[in-house]
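[1] this is a predicted model, with the sequence first.
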Amino acid sequence: MSLKEFYDKHSNFSSRTLSEYNISPGIKCKFDILKKIIGNKINFKYSLDIGCSGNSFLYFLNNNSHTSFLDLAINPLKQYVLDKKIPSSKNIIKFFHPINGDTSFLPYRDDSFNLIIMLDVLEHIKDDKIVLKEINRILKENGYLIITVPHRMKYYSDQDKIIGHYRRYELVQIIELLDNYNLKILKTFGVYGQLFRITEIQSYRPKEVEEQINKLRARYESKIWFRKLWDLFVRITSYFMRLEVKYLSINKVMNIGFVIKKTSKINL
């Protein structure tokens, strides 16, 4: 099975929609942390989400104009239709460009983007150096890169294998990797703490858990009473997830994020 077939078939990725922010405590936790860190002080005229799935974080920023979405799977890209509105948000993106493509050769011109985000994607790529070289090529000088990755190989589990992770990263490993491409880390932050280990339950019965996730999504969209109860559950759970990771030692976090800046051009 090719990687493309794997991710199109894996409904945990391919069936995500913009409502995932309201359905998943983990997604809400991550996006809320990122929104607070990035803010709206800088206007990103040209932005790109690599590995966007169907619930791109860029839909939750009000300071990006021309937005590009890239994913290896085709099905998630169907979410990105003209004037698509975020649930519980007034933000509408007018200029967007969804593309089905591979990270080994990003189909964009040099120096194209002010902002690139890649959330929990790098660990899915066998040769992570290739995509970072490509990012260096298409990111404008002084442009920003936001990435999140699973943290600490000692936490690598069957769950990582099931969802296609080649690795988890050590902090020093990421620093050295980025430094090779003149990508300077401005900020390091925790995304998920130890509470996130509950997701490892999927490794025991992966098909059944995936089926339940899809049923949950359908129920959330069709049952108003359930949606209200679930919204409350997600708000409370994501709050405690953010609270935990805020005070947890960086060495103990399960998922780690970085705000990165391209400092200057280099010949690779």
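    Okay, I see it. This is a predicted model, so every value here is computed, not measured.

[2] next, the nearest residue to Ser14 once chain neighbours are set aside: phi, psi?
    Among residues not flanking Ser14 along the chain, Asn75 sits closest, at 4.3 Å (C-beta to C-beta, 6 or more residues apart in numbering). From N, CA and C alone the C-beta is placed, and that goes for glycine too. Main-chain torsions, Asn75, degrees, to the nearest 10: phi -50, psi -40.

[3] hang on, isn't Asn75 packed against His10?
    No: Asn75 lies out of contact with His10 (C-beta atoms under 8 Å); the separation is 10.1 Å.

[4] who's in contact with Asp102?
    Shown in contact with Asp102 (C-beta atoms under 8 Å, 6 or more residues apart in numbering): Leu72.

[5] that one belongs to a strand?
    No: counting by DSSP: H, G, I helix; E, B strand; the rest coil, Asp102 is not found in a strand; it is coil.

[6] distance check, it against Asn136.
    Relative to Asn136, Asp102 is positioned 17 Å away (C-beta to C-beta, to the nearest Å).

[7] before we move on, what about Phe233?
    Counting by C-beta to C-beta - Phe233 and Asn136 are separated by 41 Å.

[8] so which of those two has more stuff around it?
    Asn136 (19 against 10; other C-beta atoms under 10 Å).

[9] using the three-state scheme, assign the nearest residue to the more buried one once chain neighbours are set aside.
    In space, and not counting its chain neighbours, Asn136 is closest to Tyr181: 4.3 Å by C-beta to C-beta, 6+ apart. Under three-state DSSP, Tyr181 falls in the coil class.
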